[in-house]
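[1] Provided below for reference: sequence and predicted model.
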Amino acid sequence: MPIVEYKNGMFSDIKPEEGLKKALSLSRGEVISIITDSGLKGRGGAGFPCGTKWNLAASASDEEKYIICNADEGEPGTFKDRVLLKEYPNLLFEGLTIGGYAIGAKKGILYLRGEYTYLLKGLLQVLEERRKNNLLGEKILGKDGFNFEIEIRMGSGAYICGEETALIESLEGQRGEPRNRPPFPVNTGFMGHPTSVNNCETLVLSARILAKGADYFKSFGTPKSTGTKLLSVSGDCKKPGVYELPFGVTIKELLKIVDGEDAKAVQIGGASGFCIPKKDFSRKIAYEDVSTGGSVIVFGEKRDMLDVAINFAEFFVEESCGQCTPCRFGTVEILKGLKNLKKGDLSLSMLKELLSLGKTMQLASKCGLGQSAPNAFISIVENFPDEVLGREEV
Amino acid sequence: MTDKKHIEYPDKSRTPLSQQPQEIEKPKDEKEIGALIRVVIDGVEVKVKMGTTILEAARKANIKIPTLCYHEDLCIAGLCRICVVEVEGMRTLQASCSFPITQPITIKTYTPNVRQARRHILDLLLTNHYGECYTCKRNGNCELQSLADEYGVDFFRFGKMERPRYEVDSSSYAIVRDMNKCILCRRCVRTCIDLQEVGVLEAINKGSKTEIATFFDKPLLDVVCINCGQCINRCPTAALTAQDPSDIIWEAINDPKKHVVMQTAPAPRAAICECFNMPPGTPLTFQLNTAIKMIGFDKVFDTNFTADLTIIEEGSELLSRLKKALVDKEPTALPQFTSCSPGWVKFLEHFYPEMIPNLSSAKSPQQMFGALIKTYYAEKAGIDPADIVTVALMPCTAKKFECNRPEMCDSGYKDVDYGLTTREMASMIQEAGIDLPNLPKTDFDNPFGTATGSGVIFGATGGVMESALRTVIELVTGEKVEKFYDHANITPVRGFEGIRVAEIKIPKVAEVPLILKHLFSDFKWLEGATLKVAVAHGTANARKILEDIKKGGIFSTMHFIEFMACPGGCLGGGGMPIPTNIEIREARARAIYQEDESYSVRKSYENPIITQVYSEFLKDGPLGHKSHKLLHTHYTKRGKFIF
Amino acid sequence: MFSYEKEKLSEDIVSIVNKYGKNRTSLLPILQSVQEKHHFISETAIQEIADLLGIHPVEVYGVATFYSFLNPDQKAVFKIRLCQTISCEMQGKEKIKNVLENELGIKFGETTKDNRFSLEFVNCLGMCDQGPALLVNQKVYTKVTPEKVKEIIDECKSQFSSHFLSKEE
């Protein structure tokens, strides 16, 4: 497969506001059907079809609706949204405006993680300019009846607020604890109104799809995973950074691009993702194979995979919202087990029990965080048995 | 002459949006709208209304799903995950308590995955629970313990908490908080914030550090806790329990020098049966007297007597305030608020201190009795009050705080030494090996004898109001209350609706009866007047009324309002048997109203002992000097700010 | 706290609450503003905010403790937060940790006695390609080296002068 590299000219294929102009020339339904046709799926990691989400929010009967841009990028190893927010804020707001138009929202909210507060000033300036240029406010670009405003709200250091219902709770001034689903935000979201929560990248891509058409978008990627994906690459490679690559790219190809070919494993999807060992490097990055929100962490030959697993486990112990039992206590048990494993002090039967506990967490936790918290642990133990088992007793 | 008004309140619920009832998804098939949905649970087919949760549907199909964070009285949390089930076609397990059924589904409640998950959840909870079952107050009545038993937990899979992690907070007079036993189901949080709107307990921190705490984790004594104990009633374990005085009481009983006197309130008598495996609502009033005597108490009195006394004093106070406002045209704090519920009193002191003047200065029946026992009774029986120990059997944890208020020493001694809850009474009886349900009956002791039906209904929400109305109507109009209400049952103020209002027109007035002659020369000024009253139970409802009064709304035009801190009134008190839910509370209410009907005298002022006490002891009558000293009290502007 | 300080705090809180609106939805922005202006969220501040918003102080406390950047325990003027997540760990976070501890004479999780500096770990700052990374309040520093730590701390210290004193005593 040919690798289309965008590193230097990311999004140079579209002109400013091209997508928004196109969208405003269409009806809301037409915009949504183009997005649906493009096959665009949520880029935050869960991969829910964006067209379906917008359609549900658009068809919900309520005067007041919201579209929220989820910029609470907290997955370890992800920084693509930072790049979008810093370098392509206009494109991002364009996408948010398109989404607002599509679902019939008058207000968009950018939920920016507290760690990115230093970006706030620049973003506010961009918003001000957009207001001046009639890209926000009343009758946007002369379109009668389309009034749209964007507000930026800050997070305050809670990974869980990347989960859409936790994000909404946080906006409502609550502890960022995920809600029971159903009902889903597209029906009952912010302040009880239909709300579409979309990842930064999803919104940016929606602008591209409107500008260049669904077919152009579909010309990249695989049939089930259309388009390109921004990958944040870090770890043991010579060229870390953000790469835009078409879905379907193999891990091997990716490693070649980032100059990390002597890796022994790659963590795809961050702490909540899976660890892929060398023997599986021919697997593809795509929703149907190795799904990711964009985080790629490369591990070289010398890395101790148990340390990696412990680092992820510590992450979840701290970042679990602490609400539901499997996640709150399960993460602690997994960490305890991993530390014992490192000390050479964990029986195989206990390890088996912990793997089974991991399965319970995947099945019974309240939200996506808890459901994916044991992934790294399970995949590292399963893929590197020789490395993690039988440590010398310390 | 009375009509029950329904007032619509704008929704000012402070419940977090996420916990308010939420709109449910539209069904995929339009034909399902308004129709019943077919659900198959473990092969059993049931038809349910749209929006029914899986848990409710399963109960309908007689299938038991274990629960922990779920409680009928509280909003749904869906966080313990013990109730997970498999829904066909869904990747993950679903919490049955929070999953609304919107389309036909097939559910399995005991697949290997479900059983494994439940077992793991239990194991995790047990690992993080200080399980000292033998020495635990909830041994035998602990939801976690029962689940561990049902699921055959025979070892601590993930280790055991060997040492307590937290210091036990026993600073409060009423409530002990032991976070070592907390399983973070947050029922207490939902009780304190949503049900009662007091706001003492909340989850703090996140992740593995999550815990339930007070404001800056201060001791309960130092925060705005009103001691209502509703959190205790809903705690599945012993993380929240009452301060138990039974050891000291046993000591007093065993001390030959001490004359130990018990007074029993109506609500515990209607509920103690539940601690002896009897159906809720079986009154054991007179069997209980026998048990109390067997345990070794010297006397057992009926708190209803001072409930009657409260009615006379509080009723006189109301009439005086009305006269002051209507005749003397002086600024008067109206509506008058009842003051029998110590949880409510502290609630007002904390959150609406500016309205303290509205609170009746009459003490609660418990405290009136304490003062009388150590004065009138001591004198009559020739016992040195210093040797008398008064114990009050109450449905209430706040009573433990009330009897320790520094101002409650008007007899020259601590008027009531200990407040004992229904649960603690039951364990004292069990400890003595007494088979309560099968005991013979014993009457209450003299000189206070058996009281009236009015005293009994103090135990249910609206009871104080009904009793007051029975007496006030008859004293003012000179007519039998039966003329206006069948069997003297003033039904508009009964029931479990959060706030109830009634209006009573006074068509004619009579001569002032003897007992009030020193206060009023005539009642002409009341002729044709309409007495407006309201009843609220649960402090969340109280808050609604108080906010309305602050804004000058409809309640500010009322004359008399009964407030009870606990949902259901005393019968839902924080010292009552666990568990609690609406059916149990209704059963207790039935028992109370039945007992009322069984009395020949059902109006406080007709109680012959009341007349006797006023003629022998409180000689200057209701609101007189002596009654003021012994039967009335003052309050403290506590405020809500913690410094 | 002196009474004039308390009055000043109350005034500030009233103006902040008025700016964001007396709704629960404004709670986070309000807490963030108070934190920024007064360096930490005190018991008094929480009660004032709760009173103005008509919610229980314990709820505000629950919210503040949930978000690691709003924790009322953090009282330092300069809150140094070092990223501990995998990529930064792989790029030498441990060394930076040691240098910071030596330089300030406190351990991670602690605050200097004068309430000027605190050290704590934070999860992924989104600077994985430029680690190790740390935040000083809102400012981000990337590719931090042991030498750079000294510069960062000196930069902070230079901001303390006679008119810029820590107020929380």
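    Here it is on my side, so go on. Numbering: from 1, shown residues only, chains lettered A, B, ... in the order given.
[2] Going by C-alpha atoms from here, please, whenever you check contacts or count neighbours.
    OK.
[3] mind checking the SS state of residue A:211?
    Three-state assignment for residue A:211 (DSSP: H, G, I helix; E, B strand; the rest coil): helix.
[4] what are the phi and psi angles of the nearest residue to it once chain neighbours are set aside?
    Among residues not flanking residue A:211 along the chain, residue A:19 sits closest, at 4.0 Å (Cα to Cα, 6 or more residues apart in numbering or on different chains). Backbone geometry at residue A:19, expressed as degrees, to the nearest 10, gives phi -70, psi -40.
[5] got the contact list for residue A:19?
    A:94, A:95, A:98, A:206, A:207, A:208, A:209, A:210, A:211, A:212 (Cα atoms under 8 Å, 6 or more residues apart in numbering or on different chains).
[6] one more time with 6 Å
    A:207, A:210, A:211 (Cα atoms under 6 Å, 6 or more residues apart in numbering or on different chains).
[7] Name only those of these that count as buried.
    Buried subset of the contacts of residue A:19 (neighbour count, 16 or more other Cα atoms under 10 Å in any protein chain shown): A:207, A:210, A:211.
[8] Would you mind putting these into a markdown table with distance to residue A:86 and pLDDT alongside?
    Putting these into a markdown table (distance: Cα to Cα, whole Å; pLDDT from 0 to 100) gives the following:
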| residue | distance to residue A:86 | pLDDT |
| --- | --- | --- |
| A:207 | 17 | 96 |
| A:210 | 22 | 96 |
| A:211 | 22 | 95 |
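[9] Among those residues, which one lies nearest to chain C?
    Closest approach between these and chain C, by Cα to the nearest Cα: residue A:207, at 24.2 Å.
[10] Kindly state the domain boundaries assigned to the chain.
    You didn't say which chain, so I picked chain A. Following automatic domain parsing, chain A resolves into domains at A:18-215, A:228-300, A:305-388.
[11] actually chain C
    Recorded structural domains for chain C (assignment: automatic domain parsing) are C:3-66, C:78-157.
[12] for residue A:106, what are its contacts?
    Shown in contact with residue A:106 (Cα under 6 Å, 6+ apart): A:147, A:148.
[13] can you map out the helices along chain C?
    Ranges of helices within chain C are C:3-20, C:27-38, C:43-53, C:57-66, C:86-90, C:93-104, C:146-157, based on DSSP state H.
[14] And the ones you listed: which comes nearest chain B?
    Nearest to chain B among the helices of chain C is helix C:57-66 (4.4 Å), distances taken as Cα to the nearest Cα.
[15] What parts of chain A come near chain C?
    Applying Cα under 6 Å from any Cα of the partner chain, we find that chain A lies next to chain C at A:76-79, A:115, A:117-118, A:156-158, A:171-175, A:234-235, A:240-241.
[16] so of those, which ones are in strands?
    Under the assignment DSSP state E, the residues of chain A next to chain C contribute A:234, A:235, A:241 to strands.
[17] distance between the ends of stretch B:235-248?
    One end of stretch B:235-248 to the other measures 26 Å (Cα to Cα, to the nearest Å).
[18] Check what pLDDT residue B:27 gets.
    For residue B:27, the model assigns a pLDDT of 54.
[19] the domain parsing of chain B - what is it?
    Domain segmentation of chain B under automatic domain parsing yields B:246-303+B:366-438, B:306-364+B:450-631.
[20] in the stretch 401-550 of chain B, which spans are helices?
    B:422-431, B:453-456, B:463-477, B:539-550 (DSSP state H, counting those that start in this stretch).
[21] From those, pick the one with the highest average neighbour count.
    Comparing these by mean neighbour count (mean count of other Cα atoms under 10 Å in any protein chain shown), helix B:453-456 ranks first with a mean of 30.
[22] So which of the ones in strands among the residues of chain A next to chain C is surrounded by the most neighbours?
    The most crowded member of those, judged by other Cα atoms under 10 Å in any protein chain shown, is residue A:234 (32 neighbours).
[23] picking that back up, could the domains of chain C go into JSON lines alongside mean pLDDT?
    As requested, the domains of chain C are arranged in JSON lines below (pLDDT from 0 to 100):
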{"stretch": "domain C:3-66", "mean pLDDT": "94"}
{"stretch": "domain C:78-157", "mean pLDDT": "95"}
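[24] Just send these back as JSON lines, with distance to residue B:547 and mean neighbour count too.
    Below are these laid out as JSON lines (distance: least, Cα to Cα, whole Å; neighbours: other Cα atoms under 10 Å in any protein chain shown):
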{"stretch": "domain C:3-66", "distance to residue B:547": "12", "mean neighbour count": "19"}
{"stretch": "domain C:78-157", "distance to residue B:547": "41", "mean neighbour count": "20"}
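[25] so can I have TSV of the ones you listed showing distance to chain A?
    Putting the domains of chain C into TSV (distance: least, Cα to the nearest Cα, whole Å) gives the following:
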stretch	distance to chain A
domain C:3-66	4
domain C:78-157	5
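[26] any chance of those domains in a markdown table, plus distance to residue B:65?
    Putting these into a markdown table (distance: least, Cα to Cα, whole Å) gives the following:
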| stretch | distance to residue B:65 |
| --- | --- |
| domain C:3-66 | 31 |
| domain C:78-157 | 38 |
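[27] Can you say which of those is nearest to residue B:261?
    Closest to residue B:261 of those, according to Cα to Cα: domain C:3-66, at 40.6 Å.
[28] Give me the distance between the two termini of that closest one.
    End-to-end distance for domain C:3-66: 29 Å, by Cα to Cα.
[29] For the residue in the stretch 151-300 of chain A that chain C sits nearest to, give its distance to chain B.
    Using Cα to the nearest Cα, the single residue of the stretch 151-300 of chain A nearest to chain C is residue A:172, 4.0 Å away. According to Cα to the nearest Cα, to the nearest Å, residue A:172 and chain B sit 8 Å apart.
[30] interface residues of chain A facing chain B?
    Those residues of chain A that sit near chain B, judged by Cα under 6 Å from any Cα, are A:183, A:317-325, A:328, A:360, A:363-364.
[31] give the contact list for the residue nearest to the residue of the stretch 151-300 of chain A closest to chain C when sequence neighbours are not counted.
    Leaving aside its chain neighbours, residue A:172 sits nearest to residue C:25 (4.0 Å; criterion: Cα to Cα, 6+ apart). Taking Cα under 6 Å, 6+ apart, we find residue C:25 in contact with A:171, A:172, A:173.
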